[in-house]
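Asks: Kindly return the folded structure for what I paste below:
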Amino acid sequence: MTTMLDAPAAAFHVSTELPPVLAGLLPCVLQRDGDLLAVKDLRTGLWVHANEAMALTLGMPLLDLLGHSDADIFEPGVATVLRAAEHTALAHGEPLTSEHRFEIHGQRREFSVLRWPSPARSDGQRWLCSVWRDLAPERQREAQLRAALEQIEQQQRANELLQRELADQALRDPASGLYRRAHFDDQLRREVDLSTREHREFAIVFLSIDPPTAQARALGAPGRQRVFEAIGRLLRGGTRAMDASCVYDDSRFAVLLSGVGLATAHARMEGLRRKCAAQIVVHEGQDLGFTVSMGVASFPHTAQSQDELVAACEAALGEAVRRGGNHVTLAAIRFDGA
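Replies: Residues are numbered from 1 along each chain as shown. Just a heads-up that it's a prediction; the model follows:
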């Protein structure tokens, strides 16, 4: 048995033409890195050398490995795969690395195996040296890195969402939850440009709250805020994602209805007017019933420019107020050469 252990070391010294001190250093290096070492006699296919790490991994006494073949040590399917990898390494003629996955004592293991066939001696003796590296720590590090990267990506997405929410909140009126006038003006400019290029219609609406009753006025600013909140809910629930509902100034709201004609806009706003009139808003035990007046204008039928459109809508709202409120008025349609 001593001869079997010494033979591969001697062969390693001769075949590699390395000083004995370097050949003797190899097991120490492998032991430090935790790699597994096995040397096989290519003529017999028997293991002639292995280190303690290999024996511990396979769960066998070291001496039980020596003098046995892969078929004695591994499951038949595993032995077949290892034998095929050895043939590939022999045909390659140079150190060759391959990866193997199989179970050892019911545990799934993964190894990177570097195989190096020694040159033949004068008597034809050859050995196959294989260094096995357990990939579990590397795979664990990769999994930890992926998890860390996913966590960073999730945090970035959360930060981006928070930034968008904060930016969106800055654009909204806190009482009604509707956008401020700056957003409405921006959307209106875009819609005028889109309508001009694609020859399509859209409408805008100005809405004002009719004068409150004496009882509602007595509740002051808190009561007015409750009414604003109610109108905000009604406008958000009664408009589409492509529309824009905004607080236009201290007394008026504005709605942009994208791709909607004058008749459709009137019908939708008439429905909103009825909902406002029927809305129950309670503050300090009192019902703050309210009504609204609305003016509706469309582009390009009632105006040919943004300024004209706003002026036409304001005029229609003024007419609704003059009629006593709780009314929806349409802007006049142009009948000129345009």
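
Asks: For the longest helix along the chain, name the packing helices and strands.
Replies: The longest helix of the chain (DSSP state H) is helix 136-170. Secondary-structure packing of helix 136-170 (3 or more CB pairs under 8 Å, 6 or more residues apart in numbering; DSSP states H and E): strand 107-117. For glycine as for every other residue, the C-beta is placed from the backbone atoms N, C-alpha and C.

Asks: Not counting stretch 239-257 itself, show me its contacts.
Replies: 173, 175-176, 178-181, 183-184, 187-188, 191, 202-209, 228, 231-232, 235-236, 258-259, 264-265, 268-269, 317 (CB atoms under 8 Å, 6 or more residues apart in numbering).

Asks: and it, how far from the chain's centre?
Replies: With CA atoms, centre = their mean, to the nearest Å as the basis, stretch 239-257 stands 32 Å off its chain's centre.

Asks: same deal with stretch 77-87?
Replies: On CA atoms, centre = their mean, the centre of stretch 77-87 falls 42 Å from that of its chain.

Asks: For that stretch, list every residue counted as buried.
Replies: Neighbour counts over stretch 77-87 (16 or more other CB atoms under 10 Å) mark 78-79, 81-82, 85-86 as buried.

Asks: outside of it, which residues touch it?
Replies: So stretch 77-87 is contacted by 40, 69-71, 73-74, 98, 100, 102, 113, 115, 128 (CB under 8 Å, 6+ apart).

Asks: Same check on stretch 222-234?
Replies: Residues from elsewhere that reach stretch 222-234 (CB under 8 Å, 6+ apart): 173, 175-178, 207, 209, 212, 216-217, 245, 247, 253, 272, 275-276, 279, 281-284, 286, 288, 290, 292.

Asks: Just the ones of those in strands?
Replies: In strands, judged by DSSP state E, the following of the contacts of stretch 222-234 are found: 207, 209, 245, 247, 253, 282-283, 286, 292.

Asks: Can you pull out the low-pLDDT segments for the stretch 201-338 of the chain?
Replies: Counting by pLDDT under 70, the ranges of the stretch 201-338 of the chain that qualify are 216, 335-338.

Asks: again but with the stretch 51-200 of the chain, I slipped
Replies: 162, 164-171.

Asks: Can you show me the helices along the chain?
Replies: Using DSSP H, helices in the chain cover 2-16, 20-33, 52-58, 62-65, 70-73, 76-92, 136-170, 181-198, 214-218, 220-237, 262-278, 306-322.

Asks: can you state the direction angle for the last one and helix 181-198?
Replies: Here the directions of helix 306-322 and helix 181-198 differ by 120 degrees (axes from the mean of the first three to the mean of the last three CA atoms, to 10 degrees).

Asks: gap between helix 306-322 and the chain center?
Replies: Mean C-alpha position of helix 306-322 versus that of the full chain (CA atoms, centre = their mean) differs by 46 Å.

Asks: outside of it, which residues touch it?
Replies: Outside helix 306-322, the residues within contact range by CB under 8 Å, 6+ apart are 188-189, 192, 204-208, 210, 252, 293-299, 302-303, 327-332.

Asks: Now the buried members of those residues.
Replies: So, by 16+ other CB under 10 Å, the buried ones in the contacts of helix 306-322 are 188, 192, 204-208, 210, 252, 293-299, 302-303, 327-331.
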